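**Student:** Sequence first, then the predicted structure:
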Amino acid sequence: VGKWYPERKGGKTGFVNGGFAYGSVPFVFIFTGYMDLTNFRWVLVSVGLFLAAMVAVAGYFFQDPPKNWWPADVDPLRPPTDPRARRALAMNPPAVHQYTPKEAWQTGRVALMWFCLLCTSGVNIFGIAFQVDIGKEAGFAGGIVATAMSLKAIVNGTGRGVIGWLSDRYGRKRCLIFVCIVLGLSQYGILWAADIKNLPLFLIFSSISGFGGGAIFPMFAAMTADYFGENNNASNYGLVYSSKLVSGLLGSGMGAIVVSNWGHTGAFTLAGSISLFAGFVALFLSQPGRPKDKGITPNPQPLGEEMA
């Protein structure tokens, strides 16, 4: 997505990334309302074959643009005439160099992004794993909790497109910090709503948590291309996204240990604090090779050589 829309990649990336969340909605009801110990094997195998076929068919039509491709009406070395593209490039200037994975790692930004994604993704996975439990502990019916998880998934997907569009207007880093704060505060909100057994508030904070948990992914995807260029984006984003493996273990595995020792109160409080800390760490992110007080053409020679 970033290769085809380098001038306004935030909104486009967020929209496509939202499919990650929308696709889960029907399976929330299938798995919670229909699957049990007597049928889980054929249900899971059927779902797996169906999804594999869908991905294969869609992937067959994928095409990449040429290296260093930009739309004909947008010059990355000069302010574009389209006001939307002009604002997007002013807030998120293109990379000054097409970084290889090794070069990207040496800038130090990959490690910071990896850690931020580790924290926020871990909190998101923790919420997915234990929000049902805290809802049932509060006395909410199983169907209501499933509905809350579906709302969480829908807002999760919608939030990706919305935050991507906002990041084109207000900057990727600024929106990433905002998302970290929203995700952190929503964990406190879920805990509070469960403590006072208020179902409407539980649904609201669940939805807000879904927004924050989903919005982090298009931010890092678009930011990777902004910082390191599009040519090696799959490899560079792979470095950043590899934190998802560790965050899954921490969010669900370590989350279970924390819940068993500290209860839901301690666990959700810790999750919220971790997300807020990730927002603090994101303050130190900056585009490599570009002075902070410059616009989209502070050092045109290196980028010009790349584009040539």
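**Tutor:** Perfect, thanks for sending it.
**Student:** just wondering, since we're on residue 222, how far is it from residue 131?
**Tutor:** Computed as Cβ to Cβ, to the nearest Å, the residue 222 to residue 131 distance reads 27 Å. For every residue, glycine as well, the C-beta is placed using N, CA and C.
**Student:** what sits against residue 222?
**Tutor:** Residue 222 sits next to 2, 9, 10, 13, 14, 92, 164, 167, 172 when contact means Cβ atoms under 8 Å, 6 or more residues apart in numbering.
**Student:** and it, how far is that from residue 238?
**Tutor:** The gap separating residue 222 from residue 238 is 15 Å, by Cβ to Cβ.
**Student:** and if you look at residue 31?
**Tutor:** Taken as Cβ to Cβ, the span from residue 31 to residue 238 is 29 Å.
**Student:** quick one, which of the two is more surrounded?
**Tutor:** For residue 31 and residue 238, the more surrounded residue by other Cβ atoms under 10 Å is residue 31, and the numbers stand at 16 against 12.
**Student:** Could you tell me how many residues sit around the nearest residue to that one once chain neighbours are set aside?
**Tutor:** Nearest in space to residue 31, with sequence neighbours left out and distances taken as Cβ to Cβ, 6 or more residues apart in numbering, is residue 43 at 7.8 Å. If you count neighbours by other Cβ under 10 Å, residue 43 ends up with 16.
**Student:** so residue 43 is in which element?
**Tutor:** Here residue 43 sits within helix 40-60, counting by DSSP states H and E.
**Student:** and if you look at residue 69?
**Tutor:** Counting by DSSP H and E, no helix or strand carries residue 69.
**Student:** Show the pLDDT at the nearest residue to it once chain neighbours are set aside.
**Tutor:** Once flanking residues are discounted, residue 69 sits nearest to residue 3: 6.8 Å by Cβ to Cβ, 6+ apart. On the pLDDT scale, residue 3 is placed at 80.
**Student:** my read: residue 3 touches residue 65, true?
**Tutor:** Yes - between residue 3 and residue 65 there is a contact under Cβ atoms under 8 Å: 5.4 Å.
**Student:** quick one, which of those two is more surrounded?
**Tutor:** A side-by-side neighbour count of residue 3 and residue 65, using other Cβ under 10 Å, places residue 3 first with 18 against 13.
**Student:** How about the secondary structure of the more buried one?
**Tutor:** What DSSP: H, G, I helix; E, B strand; the rest coil gives for residue 3 is coil.
**Student:** quick one: secondary structure of residue 98?
**Tutor:** When classified by three-state DSSP, residue 98 comes out as coil.
**Student:** count of neighbours near residue 220?
**Tutor:** Neighbourhood size, residue 220 [other Cβ under 10 Å]: 21.
**Student:** element containing it, please.
**Tutor:** Counting by DSSP H and E, residue 220 is part of helix 199-228.
**Student:** Buried residues in the following helix or strand past that helix, which are they?
**Tutor:** Once the chain leaves helix 199-228, the next helix or strand it forms, by DSSP H and E, is helix 233-241. By neighbour count on 16 or more other Cβ atoms under 10 Å, the buried set for helix 233-241 is 233, 236, 237, 239, 240, 241.
**Student:** Pretty sure the first one sits against residue 225.
**Tutor:** This means residue 233. Yes - taking Cβ under 8 Å as the definition, residue 233 is a contact partner of residue 225 at 5.0 Å.
**Student:** returning to what we had before: need the contact list for the residue nearest to residue 31.
**Tutor:** 30, 31, 34, 35.
**Student:** Buried members of these into ChimeraX, please.
**Tutor:** Filtering the contacts of residue 43 down to the buried ones (16+ other Cβ under 10 Å) takes a single ChimeraX command:
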select :31,35
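**Student:** Which of the contacts of residue 43 fall in helices?
**Tutor:** Judged by DSSP state H, those include 30, 31 as members of helices.
**Student:** Could you single out the nearest of the contacts of residue 43 to residue 71?
**Tutor:** Of all these, residue 30 has the smallest distance to residue 71: 41.3 Å, by Cβ to Cβ.
**Student:** Distance of the closest one relative to residue 226?
**Tutor:** Distance of residue 30 to residue 226, computed by Cβ to Cβ: 38 Å.
**Student:** Tell me which helix or strand residue 15 sits in.
**Tutor:** helix 9-17.
**Student:** avg pLDDT for that helix?
**Tutor:** Mean pLDDT, helix 9-17: 79.
**Student:** Please name every helix or strand in contact with that helix.
**Tutor:** The elements that helix 9-17 packs onto, with contact taken as 3 or more Cβ pairs under 8 Å, 6 or more residues apart in numbering; DSSP states H and E, are helix 142-170, helix 199-228.
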